[in-house]
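Undergrad: coordinates for the following, if possible.
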Amino acid sequence: MADLMKTPLYGLHLELGAKMTAFAGYAMPLHYANGIIREHLHCRSQAGLFDISHMGQCLILGERAAEVLENLTPGGIVELAIGAQKYTVLTNPAGGVIDDIIVARIDRGLSLIVNAGCKDKDYAYLAQRLPDNCVLQIRPELALLALQGPEAAVVMNRFSAEAVALDFMQTCRTRIDGIDCRISRSGYTGEDGFEISVRQTDAETIARLLLAEPCVEPIGLGARDTLRLEAGLCLYGHELSETISPLQAGLKWLFKKGHADFPGATKILSELDGVPQTRVGLLVVGKIPVREGCAVTDEQGQQQGIVTSGSFSPSLQRPVAMALIHSDMAKIGKNLFAQVRGQSIAVTVAHLPFVPHRYHRS
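TA: Numbers count the residues shown, from 1 in each chain. This is a model prediction of the structure:
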C-alpha cells in the first residue's frame, strides 16, 4: 500500500479494522470486521458511512459555464436552478462515454464530481474545451463522504436542518458542528442519503461525528458495489466506457429533446429508435456467481452478449448480474445462459433495478 495514494480517512480505516485494497490508485477499505454482506444489509436497514474521497471534485467558473457543459453532454445543464444537481455523461466523438459525472449549479458556475479513475483525463478534456471566460478549478483539498440508508435523514437532522430539507439531487452549503461543507441529497446505493464535501483537514472530524451515531456503521467498497448493482446503477469501465454509448447503457432519460450539439451526437442520436445492444438485469438460477466478462449465450450456444457486473445480492439472497446483450434478446423473462468456467449457468432477463430505489422526493 506504500505506493498508493491515501484519503484523509486512511488512519481511521486502519483504526476501524478495515481490510484495505487498491482502487483507482488509492488505498481504500474493501470491508471492515463485519464483512461485505452485513455491511450491505446494514446500509439497507439503517445507515452506512462511505469514504469516497478518491473521487474528483472540480469547479467550472464563469457566466458561460452551464452553456459550455451543455455542449459536452446530452444536455439539461442550462436548465439547472442554483442548488440543483444532474447526473450526466461526457461523450466522445465516437459516441462512447469519457466519464459519467454529477453536475451541480452554484452561484458562480458549476460544481462537478467525477470518477476517481477518470479524473485526470476529465480535467484535461475540460480544460482544453473551456473558453477564455471560463475557468476550471480543481479541488484536491476536498474530501467526500456519503451517508446512505433509511436512517440517514434521521442522523442528518441532528446536524443540519438545511440538508434534511433538500430533495433528491439538490445541494446546499451548510455546517456540521460548525464545519463548513456542501451537502447534496444523492448517492450510489439506491437509498436515501447525502454526500458531504468538506475540506480534507475536517473529514475525520465529520466521519467520527457520524460514526458516533448508534445506527451508523462504516461501509467499504465491497458493499458499495453490491448496493449499486442491486440498484441497477452503471459503473464506469463496466456498463459505460469509451466504446459503450449512453443509449446502450439504458440512459435515454439523460437526453434533452432537440439537443444535438454535443460530441458523438450524430451516432448516438441515430440509436434513439433502437440500439444493437442494450443493458439488462440478469437473475441467476442457482448459487454460482456470474462475474464480469462471462459470455451470455442463447439456447443454441450462440453468444448474445457479455456480463458487465455480477455478484451475490445480499438483499435478494441470490446472484444477480447486469449485461450488455443483443436487443432482440432483451425481453423480460427471456431465458439465457452465462458461461462460467466451462459451465452453462441459467439466467433470466429481469427488470432493473433489482431492489427499488428509495430516493427522497417531497
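Undergrad: which residues in the protein form helices?
TA: Per DSSP state H, the chain has helices spanning 10-15, 36-45, 65-70, 119-129, 152-156, 161-164, 200-211, 221-230, 265-269. These are given in chain order.
Undergrad: which one of those helices lies nearest to Thr174?
TA: helix 161-164 (4.3 Å; Cβ to Cβ). No exception for glycine: its C-beta is placed from N, CA and C like everyone else's.
Undergrad: which helices and strands does the closest one pack with?
TA: helix 152-156, strand 171-176 (3 or more Cβ pairs under 8 Å, 6 or more residues apart in numbering; DSSP states H and E).
Undergrad: neighbouring strands - and their directions - for the longest one?
TA: Yep, that's strand 171-176 we're talking about. Under the criterion DSSP bridges, strand 171-176 sits next to strand 179-184 (antiparallel) in its sheet.
Undergrad: for the strand it pairs with, buried residues please.
TA: Buried residues in strand 179-184, counted by 16 or more other Cβ atoms under 10 Å: Ile179, Cys181, Arg182, Ile183, Ser184.
Undergrad: which residues sit against it?
TA: The contact list for strand 179-184, computed with Cβ atoms under 8 Å, 6 or more residues apart in numbering, reads 85, 102, 104, 111, 156, 160, 162-163, 166, 169-175, 194-199, 202, 205-206.
Undergrad: ok so, going back, quick check: which of the helices of the chain is nearest to Gln339?
TA: helix 221-230 (19.7 Å).
Undergrad: in CSV: the helices and strands packed on helix 161-164, plus mean pLDDT.
TA: What follows is those, written out as CSV (pLDDT from 0 to 100):
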stretch, mean pLDDT
helix 152-156, 98
strand 171-176, 98
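Undergrad: so which of these comes closest to Gly56?
TA: With Cβ to Cβ as the measure, strand 171-176 is the member of those nearest Gly56 (16.7 Å).
Undergrad: taking helix 200-211 as reference, get the angle to the closest one.
TA: 80 degrees (axes from the mean of the first three to the mean of the last three Cα atoms, to 10 degrees).
Undergrad: restricting to C-alpha, output strand 171-176 in PDB.
TA: Coordinates of each C-alpha in strand 171-176 appear next as PDB, following Å, rounded to 0.1, in the frame of the first residue of the first chain:
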ATOM      1  CA  THR A 171     -27.500  20.600  -2.800                       C
ATOM      2  CA  CYS A 172     -26.700  23.400  -0.300                       C
ATOM      3  CA  ARG A 173     -23.900  24.900   1.700                       C
ATOM      4  CA  THR A 174     -24.300  24.300   5.400                       C
ATOM      5  CA  ARG A 175     -22.400  23.500   8.600                       C
ATOM      6  CA  ILE A 176     -22.000  20.300  10.600                       C
END
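Undergrad: tell me the buried residues in it?
TA: Within strand 171-176, the residues that qualify as buried by neighbour count (16+ other Cβ under 10 Å) are Thr171, Cys172, Thr174, Ile176.
Undergrad: ditto for stretch 10-19
TA: Tyr10, Leu12, His13, Leu16, Ala18.
Undergrad: ok now do the first one, which residues does it touch?
TA: Neighbouring residues of Tyr10 by Cβ under 8 Å, 6+ apart: Ala27.
Undergrad: buried subset of the contacts of strand 179-184, written for ChimeraX?
TA: Paste this into ChimeraX to select the buried members of these, with burial taken from 16+ other Cβ under 10 Å:
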select :85,102,104,111,156,160,163,166,169,170,171,172,174,194,195,196,197,198,199,202,206
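Undergrad: in the stretch 251-362 of the chain, which spans are strands?
TA: Taking DSSP state E, counting those that start in this stretch as the criterion, the stretch 251-362 of the chain carries its strands at 277-284, 295-297, 303-313, 318-326, 335-340, 343-350.
Undergrad: now those strands in CSV, with mean pLDDT and mean neighbour count?
TA: Output for the strands of the stretch 251-362 of the chain, formatted as CSV (pLDDT from 0 to 100; neighbours: other Cβ atoms under 10 Å):
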stretch, mean pLDDT, mean neighbour count
strand 277-284, 98, 24
strand 295-297, 98, 20
strand 303-313, 98, 21
strand 318-326, 98, 24
strand 335-340, 98, 19
strand 343-350, 98, 17
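Undergrad: now these in JSON lines, with distance to Leu269?
TA: Formatted as JSON lines, the strands of the stretch 251-362 of the chain follow (distance: least, Cβ to Cβ, whole Å):
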{"stretch": "strand 277-284", "distance to Leu269": "16"}
{"stretch": "strand 295-297", "distance to Leu269": "27"}
{"stretch": "strand 303-313", "distance to Leu269": "23"}
{"stretch": "strand 318-326", "distance to Leu269": "20"}
{"stretch": "strand 335-340", "distance to Leu269": "29"}
{"stretch": "strand 343-350", "distance to Leu269": "26"}
